Each structure stands twice: as C-alpha cells, then as structure tokens.
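> A predicted structure for the sequence below; I have some questions about it.
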Number of protein chains: 2
Amino acid sequence: MATGKTLSKETAKLIDDMLQGNARALARLITIVEEDSEESYQVLRHIKPSGKAHRVGVTGPPGAGKSTLVGKLTSCARENELRVGIICADPSSPFSHGAVLGDRVRMQQHYMDEGVHIRSMSTRGSLGGLPSTVHGVIKLMDASGKDLILVETVGVGQMELDVMENVDTVIVALVPEAGDDVQAMKAGLMEIADIFVVNKADRPGADSLAVEIQSMLDLVGQDKGWRIPVLATQAANNVGVAELYEQIWHHRETSMDTDAFAERRARQRRDELTAVLEKMVIQEFTRAIASDARLSAYVSRMNEGEISPYEAAEMIYRTISQKES
Amino acid sequence: MATGKTLSKETAKLIDDMLQGNARALARLITIVEEDSEESYQVLRHIKPSGKAHRVGVTGPPGAGKSTLVGKLTSCARENELRVGIICADPSSPFSHGAVLGDRVRMQQHYMDEGVHIRSMSTRGSLGGLPSTVHGVIKLMDASGKDLILVETVGVGQMELDVMENVDTVIVALVPEAGDDVQAMKAGLMEIADIFVVNKADRPGADSLAVEIQSMLDLVGQDKGWRIPVLATQAANNVGVAELYEQIWHHRETSMDTDAFAERRARQRRDELTAVLEKMVIQEFTRAIASDARLSAYVSRMNEGEISPYEAAEMIYRTISQKES
C-alpha cells in the first residue's frame, strides 16, 4: 500500500517550488490531487499545511451572484494585502472561463495578480468525488501560504453542501428570485450557514426574503456565541461587500473563542482519517482479490448474480481476516 | 461485525409481510434502510430482489416538471397493470407533500392506488448519503414485486447525478427556461442521459433547445446500439408522455440486446460490494480504536494537530495489520 512508497523526485521538486511560492508548481500539484491517484496520496501525505489560511465557502443557487461576491471579497482581501486562493467548482463560473460579460475586466485583474491563485475544478460529469478532492486542494493552497481561501460551489445540490464541510465560514447567498431549489434545500442551508447574504438586494422581494430567513433562524434557534447575520448586498455595485468581509473575520474570531473553529477543524481531520483508512483497505482488498483465485471467484459469482454483493463481501472479508490471523 | 448477527424477529416479520405485498411493512423497511444502521444492513442482506423491476431515473433542474412527468408515466404504467414504486428525493415534490396545486387530484389518485407505492426520501440537510440509501430502497421495492421503479431527483447537483448510477434508464428533463445550472451540468447530463425530454414544449425556445441538445449529442457521438432520443413533451397536458413511456421500454430492450443493461447492473453490484466492504472495515477499525489505547492515542494526537490524518491512518493501519498477522 501507499504507506511504503515515497515521493517521486519530480513531485518532490514541485512541492519545494510550491513552497517557494511558485504558482505553476501549485497548479501542477492541484492537478495531481484532482486526479485522486497514488501520486495525489503521496502529495497530500507530504505537504504540511500550516492551517493558518481562513477557509470561506460561498454557496447558493445559480444566479445568486456567487462569483461576483467572490470577486469583490478577493478585492477586499487584496486591499488588505492578503494572499488569496480561489476554488470554484462551477464550470459556468466567470473564474473558470476567465472572461464573461462585465466580469471580464475585474476577473482579468485577479488573473494578473500574483497574490491570487484561481482554480476551477471540473465536476467530471456524474463522477468525481469533488468534496474529498476540494479538501486536498484547500490543503495545498494553505501550504502554499495563502491567507484566505474562497470556495465557490455551483448550485445547492447535496454535494455542494458537502463541500461546505471543508471550510471555516459558510456564506449562503440567495436572491429574491431564488425559487424551488432553495425551498427544497432550505433545511440544509439553514444547517450550514454562518452568514446569510441576500444579494441583488435592490430587487423586489429582497426585504421580505431577509425577514423570512431571519424568522426561520429565530425559529431553529442560534448557536451559542455566534448570531448568524443576514446581510443585504449588491455585489455588482460593491454595496455591502465591505461589511460582509468584516463579518467573515468577526465569525473567525468568535468561533475561535467558542472552540467552534477547533471543533470544525477536528471533525475535518477525523473525516480525512476515515477516508484515508477506507482507501488503504480497499486498495489492499483489490490487490488481494486480484491475486487470490478464491476471492476473485466470489466476485465473478456476484457478477453472475449467483450471490448478492452482501454475501460476496462477507465471504471476501472472512477469507482475508482468516488469512491474516 | 454485522456478518455475525441475524435479523430481529420483528424485522423478519416485516420482510415476510412485505413479500406478501403489505405496503405498511414496505414503508417500515424503507425507513429502516434510510437510517443506514446495523438493522438496515441486516435487511438489505436478507432480502433477495428478483431484479425484475425496471428502474427509471428522472432528473433535471427544478421547474422542469419532473414530478408531473413521473405522475403521467405512473398513469401509463397503471393502464398496463404494472405495479409502480416511486422514490422522490425532492422535498418540494408534490409526491412528498402529497397535495400541491393542480397536482392534488392526480397525486391523490396514485396515493389511493394499491398498485403504487410512493416514497419521498429526506435529503437530510447537508448530510445523509442519499445515493447509497436510494440503492437500498430500490432493492426493497424490487423485492416487494414492483414492475417499474421511478426515481425522481431534485435539481441537477452532483449527488443527483450520482443517484442516477442506480437506475437502468435515465431520463433528463429540461425546459426552455433551464438556465445556468443546466449549462453548468451539461457535460454531466450528456454523460448520463438515455432519453432527453424537452418538457413544456409549447414554450418559446423549446425547438432551439431540442436542436442544441441534438447537435451536442451528435458532437459527442452516440453509444453503439442506442440512439439517445430527444422528445418534446407537455406533461401537464399529457402530450408526448405515451411516446416517452414507449421509449423507456424500447431502451430496456435495446440495452438488454447490447449487454449495456447487464454491464450497468454489474457495475452497481461492484459499487455495492465496495461500499459494504468499506462499512465492514471501518466498523472493525472503529471498534479496534475504541478498545486499544495505542490506537486511540494516535487519534488524540491527530486531534491535537500533532500528527496529520495521513500519519495517524498509517500508524493505525500498520498496528492493526501487525496485530492480525
């Protein structure tokens, strides 16, 4: 299993360069981690992220102006001379396609900026476990010395919510028009939001949406320590963005005082531990099955529909345990 | 581990009743499986689905009329005296809330119908691995003697696409208005669709959308054997639904001739095997860590941030393997 192997010279060089702040090396390493291979395992095993970077997730339905919000927050961070990493899981995001509509200039400005690393991750159609790889990319950006990492999701599907498990502060952006899909996910959104943003707040229905959210928040009751704010913004016109930026750091301080921050990070480490153990074991089992006729026979019998996956699993599991003990 | 234990008397009775066609027993068992517990493991282990039921997934952005399509397809199936199971992962679906708007009558008709079992699954906020539990619920409905199982998703997020891994025929429903989120997921949709439906086809832009989809399909090239149709429907007015229903069975026949059907089912069994093995091993590791001071020490050191999850995983893995051998 992986545990034995070590880094290839080439990858070790990439990590050194990345630690020197080489953006191309960082991009290469992210690609390796995205591929979720043996090599990516070695990379994530060897980098030592300081954990200093604050991780902010921005989620919400399509059309909520998430990319614009992320762009404006990036400008705020740069004015404060913070190095910013941006991860967008949204193929339609201005970040990924570089230039869309009025975002062109603003985005290009960030693209030129050496203090900003923008990475768009493909959602790989119906496959590709984004949440786990996002976690790896966050660690890489942290290790590369970013101060603020912004993660933008597409839509508000289940997986988009799971991605938010990997950040310290979750911003949920809504717009008055946000319809059924928000209704559908509202429970989930309420559960994960640290800050609510009603964007495009100049549109009709914005105030009533803010009131609705506030009353739902009062209903479910708030965490001790942090009172989830509901902010009105017009990101495109730079209205309310500075306050949002302030609230992010306010949330960081508060959650550090209440240990909520530490608990979140600890939960992420436990999730990572489980994921790594699963990977190790499945690798071992796969190898064992390939090299042991008895075991592969169970798989073929299952493929024939002769035995159920549960029966196959139990036979394989028992055989391997017996062999080991 | 699970493998030892057997069914509780009560659950065994539920399974018997379910096999007798008792709807309440089926509902109870689905709830057990949804909880994804030790008991649900035992249930899924003991039922023997015939695999005869054809499994159809209906996905697409909110507002595409998925629920209406599912309702109409159910009517077609009932006219042919097929028993239908409906799984909707959409909390906002008319199915889950029983009665919404004009759907009221039609839905209630299906609710009264003993030949139809409707189950709405909670997406459990930001958690709850729907894809795996959906697979279990499909197996239950199959075992209970349904002929056709319809799975409806909410939205087109990553997880909604993953759910479609569990069906034999995937219908992707779009509407002219379907905007950004479809653009974003288009690659994924193209990858999973067996049948495209342009619903609400009386609206402006329907024809051009159909043309756009067709040209994209021609671009990516079609699977040998099955030519993905692009159908125009107005589900609410029952236009084009009969043809859609025909195409479902046409796709089943074709994919059975080309072995695509068998391959899909085999892949599902392999995925299930992996999932079960992972569960078994993680259970063993969790027990081992709880009962072994050395192992739990690694976890605390990780929680302290002293060692990385990777280092902890490797130490735990090595310790357990050595103990076993």
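It's in. Note that the structure is predicted; figures quoted are calculated from it, not measured.

> what average pLDDT does the helix or strand encompassing A:Thr274 get?
Element membership for A:Thr274 (DSSP states H and E) is helix A:260-291. Averaging the model's pLDDT scores along helix A:260-291 yields 84.

> then stretch A:203-223?
82.

> what's the pLDDT at A:Leu148?
The score at A:Leu148 is 97. That number is its pLDDT.

> and it, what are its bridge partners?
Beta-bridge pairing of A:Leu148, defined through DSSP bridges, involves A:His54, A:Val84.

> now do it: how many residues are near it, please.
Taking other Cβ atoms under 10 Å in any protein chain shown as the neighbour definition, A:Leu148 ends up with a count of 24. (Glycine included, C-beta is placed from N, CA and C.)

> isn't it up against A:Ile86?
No - checked against Cβ atoms under 8 Å, the pair A:Leu148 and A:Ile86 is beyond contact range at 9.2 Å.

> contacting residues for A:His54?
Contact analysis of A:His54 by Cβ atoms under 8 Å, 6 or more residues apart in numbering or on different chains lists A:147-149, A:168-169, A:248-249, A:252.

> which ones are touching A:Ala143?
Counting by Cβ under 8 Å, 6+ apart, A:Ala143 touches A:18-19, A:47-50.

> out of the residues you listed, which is nearest to chain B?
Taking Cβ to the nearest Cβ as the measure, chain B sits nearest to A:Lys48 out of the contacts of A:Ala143, at 7.3 Å.

> mind checking pLDDT for the closest residue to A:Thr233 other than its chain neighbours?
The spatial neighbour of A:Thr233 that comes closest, neighbours along the chain excluded (Cβ to Cβ, 6 or more residues apart in numbering or on different chains), is A:Gly240 at 3.6 Å. Confidence at A:Gly240, expressed as pLDDT, is 96.

> what does the one 4 residues further on give?
According to the prediction, A:Leu244 has pLDDT 98.

> pull the CA atoms of the helix or strand where it lies into CSV?
Per DSSP H and E: A:Leu244 is located in helix A:241-257. This file holds the C-alpha atoms of helix A:241-257, laid out as CSV (Å, rounded to 0.1, in the frame of the first residue of the first chain):
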residue,chain,number,x,y,z
VAL,A,241,-19.4,43.8,0.4
ALA,A,242,-17.1,45.5,2.9
GLU,A,243,-19.5,44.6,5.7
LEU,A,244,-19.6,41.0,4.5
TYR,A,245,-15.8,40.9,4.5
GLU,A,246,-15.8,42.2,8.1
GLN,A,247,-18.3,39.6,9.2
ILE,A,248,-16.1,36.8,7.9
TRP,A,249,-13.3,37.8,10.2
HIS,A,250,-15.7,38.5,13.0
HIS,A,251,-17.0,35.0,12.6
ARG,A,252,-13.5,33.6,12.7
GLU,A,253,-12.7,35.4,15.9
THR,A,254,-16.0,34.4,17.6
SER,A,255,-15.7,30.7,16.5
MET,A,256,-12.2,30.6,17.8
ASP,A,257,-13.3,32.0,21.2
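
> list the helices and strands it packs on?
Other elements packing on helix A:241-257 under the criterion 3 or more Cβ pairs under 8 Å, 6 or more residues apart in numbering or on different chains; DSSP states H and E are strand A:54-59, helix A:66-79, strand A:169-174, strand A:195-198, strand A:230-232, helix A:260-291.

> okay, the angle between that helix and helix A:260-291?
Using axes from the mean of the first three to the mean of the last three Cα atoms, to 10 degrees, the interaxial angle of helix A:241-257 with respect to helix A:260-291 works out to 80 degrees.

> compute the inter-axis angle for helix A:241-257 and strand A:169-174.
Between the axes of helix A:241-257 and strand A:169-174, defined by the same axes, to 10 degrees, the angle is 140 degrees.

> isn't A:Met164 up against A:Ile192?
Yes - counting by Cβ under 8 Å, A:Met164 does reach A:Ile192; the two are 5.0 Å apart.

> those two: who's more crowded?
Using other Cβ under 10 Å, the more surrounded residue of A:Met164 and A:Ile192 is A:Met164, with 27 against 23.

> doesn't the more buried one lie inside a helix?
Yes - note on A:Met164: a helix contains this position according to DSSP: H, G, I helix; E, B strand; the rest coil.

> can you give me the distance of the nearest residue to A:Leu69 once chain neighbours are set aside to chain B?
Using Cβ to Cβ, 6+ apart and skipping residues adjacent in sequence, the residue nearest A:Leu69 is A:Ala235, 4.6 Å away. Taking Cβ to the nearest Cβ, to the nearest Å as the criterion, A:Ala235 is separated from chain B by 16 Å.

> got TSV for the contacts of A:Ala143, with pLDDT and neighbour count too?
Formatted as TSV, these follow (pLDDT from 0 to 100; neighbours: other Cβ atoms under 10 Å in any protein chain shown):
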residue	pLDDT	neighbour count
A:Met18	93	24
A:Leu19	91	15
A:Ile47	87	20
A:Lys48	79	11
A:Pro49	78	17
A:Ser50	81	9
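
> restrict these to those near chain B?
Applying Cβ under 8 Å from any Cβ of the partner chain to the contacts of A:Ala143, one finds that A:Lys48 fall near chain B.

> any buried residues in the one helix or strand A:Glu39 maps to, and which?
A:Glu39 is located in helix A:38-46, with elements delineated by DSSP H and E. Buried residues in helix A:38-46, counted by 16 or more other Cβ atoms under 10 Å in any protein chain shown: A:39-45.

> ok, stretch A:17-37 next?
Along stretch A:17-37, these residues count as buried under the neighbour rule (16+ other Cβ under 10 Å): A:17-18, A:25-26, A:28-30, A:32-34, A:36.

> mind listing the strands for the stretch 1-150 of chain A?
Here the stretch 1-150 of chain A has its strands, by DSSP state E, counting those that start in this stretch, at A:54-59, A:84-88, A:116-120, A:148-152.

> any idea which of those scores lowest on pLDDT?
In terms of mean pLDDT, the lowest-scoring of the strands of the stretch 1-150 of chain A is strand A:116-120 (a mean of 85).
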